[in-house]
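*Asks:* Provide a 3D model corresponding to the input given below.
(chains A and B)
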Amino acid sequence: MKVQISNGMFMALIINMIYAKAIGVTQGSMAREVGGDIWISTLIATIQGGVIMFLVILVIRRMPEGDLIDQAARLLGKWFGKFVALITFIFFLASYGPVMSTFVFHLKDYFLPEAPILLFIMAAFLLGTYAIYFGVEVIARMALIGVFSIIALNILLMLGSLSEFDIRELRPTFQMGFLRTVWASRHHNTDWAMATIMAGIILPMVADKKSWGKMGFAGIGYGMVFIIMWPILEAGVLSPETAAQYIVSCMQMARSAQIGYFIHRYEMIMIAFFALSILTQIMMSLLCASVAMQKMLGLKDYRKVIIPTAMILSAFGYWINFDKNRAIDFLEGWWVYISLGVAVGLPFLILVMGFLFKKKLKKENVAEEAN
Amino acid sequence: MKRHLKWSLLLILILLLSGCAGKRELNDLALVMAVGIDKGEEENAFKVTAQIARPADARGQTGAPSGQTGEPILTIVGQGESLFDAIRDLSSFTTRNVFWAHNQVIVINEDLAKEGIAQVIDFFTRNPELRMRTWVVITPEKASTLVSTVTGLEVIPGEAVNKLFRYGEISNVAPNSQIMDVQAAYLSQSSQPIIARVSLKEVMVSNKKPEKGPTIKQVDLAGAGVFQEDRLVGVLKPEETRALMLFTERLKSGVVTTPCKSKPERTVSVELRDQMFQVTPHIKGSEISFTAEYDAFAMVVEAGCPFSIDDQEQVTKLEQAVEKKLKKEIDTTINKVQKEYKTDVFELGKVFHNEYPGYWKQIADDWEEVFPTVDIKVSVNVEVKDSVLLWEETNSGKKENSAN
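*Replies:* A predicted model of the protein is given here:
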């Protein structure tokens, strides 16, 4: 039987897919550009993310049983499909660099500074491959629990830091100008890019096709609600200059939070509750890259390519994160261009092709339904 | 084959995911409770004093269970060209792994602070082991002496300083300077850091020689250090610090004592509650000014002369006296900080930036020169609303002994 996930699971996947990196690593990058206006950049990126998500849903709706790659193949033939699969593979290969940066910088820098990077890469490899072997449903169920842990983390962090909150740090707005604030939103757009391209791969597995749009936007809405608290608190509690100083500003935030005398230093709480989100990012990146690899090679099951795909992604993740300067350069430079290029370009290209070859698509859809 | 593969995978998972990587056993750790930083003997060197808890001796409230050393702390000193170097030096003679996560306070000697503490801020905010809510204090004493002075009811001096801050909110004699606040002020474009000041004061009476009065030195909250970027440029006395804290913190309470109108040798004390302090920036042409409005409710907590809240004339006079005293305190502190130290620890730059972001851009780089010239007008309004439990004045029933 074909694997299916519920619409709630799809929404949970979207939330988890953006959360882990967006609350800290992304905010640090944006704070270095726009200071206290990081929360505005976050909002702007969310709106842009919503537009791309709408585009992806529009594309997939035309051929609900196939993902972006299948639709490309249907439109312009096998080789165009393979080309789109290659682009998708490159996207998730590149995404694995920042995903592993988030994973490694949280765990290694704050907990296990002596542990080798390879340990984290291997842990992600083992957990990721094990999970995706069982398919998207397992990951999606985990993501549902992940949403609750995100809520718990947000509440705890708010309780532990509101006493230090200074609204003056958020004023005045648009200190660096409107255009720079919009431009800084590109860092958070990369997070949305991962969620939207993931949606382009897994949407056909989502059960209730009628409510795809509703759940997609609900995912974006809830994602925004869970994330927006972080830039506001990071600027208001730590100060924008401090948030900008750190690579992972959410961990700095966690390190500064405390409730009463005995509950302080939230790093452990933070890791415990955000683990499911970062694991979702790791697993979905591996899964989507494996699906892309399978379609590139014309295989029937992605499980056969899990190990080689994970090895390629892990090698890349290791290489990128071995040098912190390289990791941040990639995260704030190349990754932005790759992710936004693919997230905007690919759905748009397929959408335009769909309009141009509308008749062909319709004809083939009818033929398939008849079979 | 599949079974072998499964077992191999399981073994690898156990090795990698067991959480044993980087483990540190509790009994292998030397828990630092306070750290003191002095200038080293050589030029540009640091002397780091670490106060390490002896868990076996620090049990309970009095320490020294039988069979132990009786010393709840071990104080050791390391030297080096940098803080990291000095801390590494500590590990050459400690039998355990020096662990900083439980450090409660960073004590910086004033001579070192006058030369700059940028390196201290960088080290303690860069290191993942340290807490960001760690207290930072400066001291005119040697930091090494201060961190090894057992204070109050605690057996661990670091814990004592921590509690001095935690439970000393009512005294308002030193700002709550945590490393995260110092870091934020140092990184800020407009504000300057302030750090609590502590000193050693003979306030404790020896149980063995009570007739000699207070002879044992204890750690005492003693005002604040005012910084220009990372250099200490001056200190504020405890009574001046309260006025400074109005600008930077939300004060829960405070006490003002004024002489009685009828008998000036006696005093009336009021406790200030619901203190509100609002600073508003103004700009007229290129003239920048600020108005600071202070509002509070007060309750009479002690009266050396007969006082009844029912006597409206007496209440008004008391309010005026309290307002006058408070205004003088605030004006004195403003004058000292603005004219003498010339450093914006009041966060006025931030307030002005919030209100006039466009104009701020023009003056941001020159704020250091502008700040001493700005006019700050203070208005104080105190309303006495409570006399705690008493309604009638405390007066002798015998006419001849009456306080009147």
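
*Asks:* drop to CA atoms for contacts and neighbour counts, all remaining ones
*Replies:* Will do.

*Asks:* can you map out the strands along the chain?
*Replies:* In the absence of a named chain, chain A is used. A:258-259, A:263-264 (DSSP state E).

*Asks:* hm, I was asking about chain B
*Replies:* Under DSSP E, chain B gives strands at B:29-39, B:46-53, B:73-80, B:97-99, B:105-109, B:135-139, B:194-205, B:214-228, B:231-236, B:254-259, B:267-284, B:287-303, B:375-386.

*Asks:* let me have these in a markdown table, extended by distance to chain A and mean neighbour count.
*Replies:* What follows is the strands of chain B, written out as a markdown table (distance: least, Cα to the nearest Cα, whole Å; neighbours: other Cα atoms under 10 Å in any protein chain shown):
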| stretch | distance to chain A | mean neighbour count |
| --- | --- | --- |
| strand B:29-39 | 15 | 24 |
| strand B:46-53 | 18 | 26 |
| strand B:73-80 | 22 | 20 |
| strand B:97-99 | 13 | 17 |
| strand B:105-109 | 15 | 26 |
| strand B:135-139 | 12 | 27 |
| strand B:194-205 | 16 | 21 |
| strand B:214-228 | 18 | 22 |
| strand B:231-236 | 19 | 21 |
| strand B:254-259 | 20 | 18 |
| strand B:267-284 | 12 | 17 |
| strand B:287-303 | 17 | 18 |
| strand B:375-386 | 20 | 17 |
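
*Asks:* want to throw these into TSV with mean pLDDT?
*Replies:* Converted to TSV, the strands of chain B look like this (pLDDT from 0 to 100):
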stretch	mean pLDDT
strand B:29-39	91
strand B:46-53	91
strand B:73-80	88
strand B:97-99	86
strand B:105-109	94
strand B:135-139	93
strand B:194-205	86
strand B:214-228	86
strand B:231-236	94
strand B:254-259	86
strand B:267-284	90
strand B:287-303	91
strand B:375-386	91
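
*Asks:* which one of those strands lies closest to A:Asn16?
*Replies:* strand B:97-99 (34.6 Å; Cα to Cα).

*Asks:* in its sheet, what does that closest one sit against?
*Replies:* strand B:29-39 (parallel) (DSSP bridges).

*Asks:* what pLDDT does the model give residue 41?
*Replies:* Picked chain A for this. pLDDT for A:Ser41: 95.

*Asks:* my bad, the chain I had in mind was chain B
*Replies:* B:Glu41 is given a pLDDT of 84.

*Asks:* if I look at it, how far off is B:Val137?
*Replies:* In this view, B:Glu41 and B:Val137 are 22 Å apart by Cα to Cα, to the nearest Å.

*Asks:* check the chain for its longest helix and report it.
*Replies:* Using chain A here. If you go by DSSP state H, chain A has its longest helix at helix A:78-110.

*Asks:* not what I meant, chain B
*Replies:* Longest helix in chain B, counting by DSSP H: helix B:312-335.

*Asks:* identify the residues contacting that helix?
*Replies:* With contacts defined as Cα atoms under 8 Å, 6 or more residues apart in numbering or on different chains, helix B:312-335 is touched by B:236, B:239-241, B:243-244, B:256-258, B:307-309, B:376, B:378-384.

*Asks:* go again with 6 Å.
*Replies:* Residues outside helix B:312-335 that contact it (Cα atoms under 6 Å, 6 or more residues apart in numbering or on different chains): B:240, B:243, B:380, B:382.

*Asks:* show me the beta-bridge partners of the third one.
*Replies:* Each beta-bridge partner of B:Val380 is listed here: B:Tyr294, as defined by DSSP bridges.

*Asks:* ok, it to B:Phe277 distance?
*Replies:* Separation of B:Val380 from B:Phe277 (Cα to Cα) stands at 9 Å.

*Asks:* overlap of the contact sets of these two?
*Replies:* B:Tyr294.

*Asks:* circling back to that earlier point, which of the contacts of helix B:312-335 lies closest to B:Pro264?
*Replies:* Looking across the contacts of helix B:312-335 and measuring by Cα to Cα, the closest to B:Pro264 is B:Val382, at 20.8 Å.

*Asks:* got the contact list for the closest one?
*Replies:* B:295-297, B:319.

*Asks:* one more time with 10 Å, if that's ok
*Replies:* B:272-273, B:275, B:294-298, B:316, B:318-324, B:326 (Cα atoms under 10 Å, 6 or more residues apart in numbering or on different chains).

*Asks:* and the closest residue to it other than its chain neighbours, how close does it get to A:Asp329?
*Replies:* Leaving aside its chain neighbours, B:Val382 sits nearest to B:Ala296 (5.0 Å; criterion: Cα to Cα, 6 or more residues apart in numbering or on different chains). Distance of B:Ala296 to A:Asp329, computed by Cα to Cα: 53 Å.

*Asks:* now do A:Trp192
*Replies:* For A:Trp192, the distance to A:Asp329 - Cα to Cα - is 19 Å.

*Asks:* which one of these two is surrounded by more residues?
*Replies:* More crowded of A:Trp192 and A:Asp329, by other Cα atoms under 10 Å in any protein chain shown: A:Trp192, with 31 against 13.

*Asks:* right, and that one touches A:Leu13 too?
*Replies:* No: the pair A:Trp192 / A:Leu13 is not scored as a contact, 11.9 Å apart, by Cα atoms under 10 Å.

*Asks:* including distance to A:Met158, could the contacts of helix B:312-335 go into CSV?
*Replies:* Supplementary listing: the contacts of helix B:312-335 in CSV, determined by distance: Cα to Cα, whole Å:
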residue, distance to A:Met158
B:Glu240, 34
B:Ala243, 30
B:Val380, 34
B:Val382, 34
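
*Asks:* and those, which is closest to B:Val203?
*Replies:* Distance to B:Val203 across these (Cα to Cα) is lowest for B:Glu240, with 21.7 Å.

*Asks:* what stretches of the stretch 301-404 of chain B score poorly on pLDDT?
*Replies:* The stretch 301-404 of chain B contains residues with pLDDT under 70 at B:399-404.

*Asks:* quick check, the residue in it closest to chain A?
*Replies:* B:Asn354 (5.2 Å; Cα to the nearest Cα).

*Asks:* just checking, that residue touches B:His282?
*Replies:* No: in this structure B:Asn354 lies outside contact range of B:His282 using Cα under 10 Å: 11.8 Å.

*Asks:* got the residue ranges for the helices in the stretch 1-150 of chain B?
*Replies:* Ranges of helices in the stretch 1-150 of chain B, per DSSP state H, counting those that start in this stretch, are B:2-17, B:83-90, B:110-115, B:118-126, B:143-147.

*Asks:* highest mean neighbour count out of those helices?
*Replies:* helix B:143-147 (a mean of 23; mean count of other Cα atoms under 10 Å in any protein chain shown).

*Asks:* list the helices and strands it packs on?
*Replies:* strand B:29-39, strand B:46-53, strand B:73-80, strand B:105-109, helix B:157-167, strand B:194-205, strand B:214-228 (3 or more Cα pairs under 10 Å, 6 or more residues apart in numbering or on different chains; DSSP states H and E).

*Asks:* redo that, cut-off 7 Å
*Replies:* Packing partners of helix B:143-147 (3 or more Cα pairs under 7 Å, 6 or more residues apart in numbering or on different chains; DSSP states H and E): strand B:29-39, strand B:105-109.

*Asks:* export the ones you listed to a markdown table and append columns for distance to B:Tyr359.
*Replies:* Shown next, in a markdown table, are the helices and strands packed on helix B:143-147 (distance: least, Cα to Cα, whole Å):
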| stretch | distance to B:Tyr359 |
| --- | --- |
| strand B:29-39 | 41 |
| strand B:105-109 | 37 |
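
*Asks:* right, so of these, which gets closest to A:Phe273?
*Replies:* The nearest among the helices and strands packed on helix B:143-147, by Cα to Cα, is strand B:29-39 at 27.5 Å.

*Asks:* can you list contacts of the closest one?
*Replies:* Outside strand B:29-39, the residues within contact range by Cα atoms under 7 Å, 6 or more residues apart in numbering or on different chains are B:45-53, B:96-100, B:102-109, B:112, B:142-144, B:147, B:158.
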